[in-house]
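In: A structural model of the following input is requested.
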Amino acid sequence: MTEEVNEILLENKGARDATFDDFKAAMPADEPRYAIYDLEYNTEDGRKESKLLFIMYSPDSCVGAKGRTLKFAYANNKETLKNKCNPTHRELQVNDHEDIKEASWVADCQ
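Out: Predicted coordinates for the structure are as follows:
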């Protein structure tokens, strides 16, 4: 989102061979972000599976007047952006950088 909080911009596009750790490192610890993540994993019976996730990342550590403004703007624009990104298989709300965990996202999708 721009400084003026009036436009959503693509900040980062991960490479196809990027790791989950690369994705997590690209997410700031103290500012909200939207993300689309292609979660690839093996099911319990060994099949390869892929789910496209829409992530609303709004960390509790985003504080102060600027933080409140950003969180409010991201919350207000979430549905508009999500509708433009369809189809996604699942929506996740993440409120702490430590909750960006591939294993828990896989568990949620199975």
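In: which parts of the lengthiest helix in the chain are buried?
Out: Counting by DSSP state H, the longest helix found in the chain is helix 64-84. Under the neighbour-count criterion of 16 or more other Cβ atoms under 10 Å, helix 64-84 has 67, 70-71, 73-74, 77-78 buried. C-beta here means a position set from N, CA and C on the backbone, and glycine is covered the same way.
In: would you point out the helix or strand in this protein whose mean pLDDT is lowest?
Out: Least confident helix or strand of the chain, by mean pLDDT, DSSP states H and E, is helix 64-84 with a mean of 89.
In: hmm, who's touching the helix or strand just after that helix?
Out: Using DSSP states H and E, the helix or strand that follows helix 64-84 in sequence is strand 90-94. Residues external to strand 90-94 that are found in contact with it (Cβ atoms under 8 Å, 6 or more residues apart in numbering): 51-59, 82, 100, 105, 108-109.
In: from these, which is closest to residue 31?
Out: When those are compared for distance to residue 31 (Cβ to Cβ), residue 59 wins out at 7.3 Å.
In: tell me where the chain has strands.
Out: 33-42, 48-57, 90-94 (DSSP state E).
In: turn the ones you listed into JSON lines, including mean pLDDT, mean neighbour count and distance to residue 8.
Out: As requested, those are exported to JSON lines (pLDDT from 0 to 100; neighbours: other Cβ atoms under 10 Å; distance: least, Cβ to Cβ, whole Å):
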{"stretch": "strand 33-42", "mean pLDDT": "95", "mean neighbour count": "16", "distance to residue 8": "7"}
{"stretch": "strand 48-57", "mean pLDDT": "95", "mean neighbour count": "16", "distance to residue 8": "12"}
{"stretch": "strand 90-94", "mean pLDDT": "95", "mean neighbour count": "15", "distance to residue 8": "16"}
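In: tabulate the ones you listed (CSV), appending distance to residue 26.
Out: Output for those, formatted as CSV (distance: least, Cβ to Cβ, whole Å):
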stretch, distance to residue 26
strand 33-42, 8
strand 48-57, 11
strand 90-94, 13
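In: residue most distant from the centroid, the chain?
Out: residue 45 (27.4 Å; Cα atoms, centre = their mean).
In: on that earlier part again, so how far is the least confident helix or strand of the chain from its chain's centroid?
Out: 13 Å (Cα atoms, centre = their mean, to the nearest Å).
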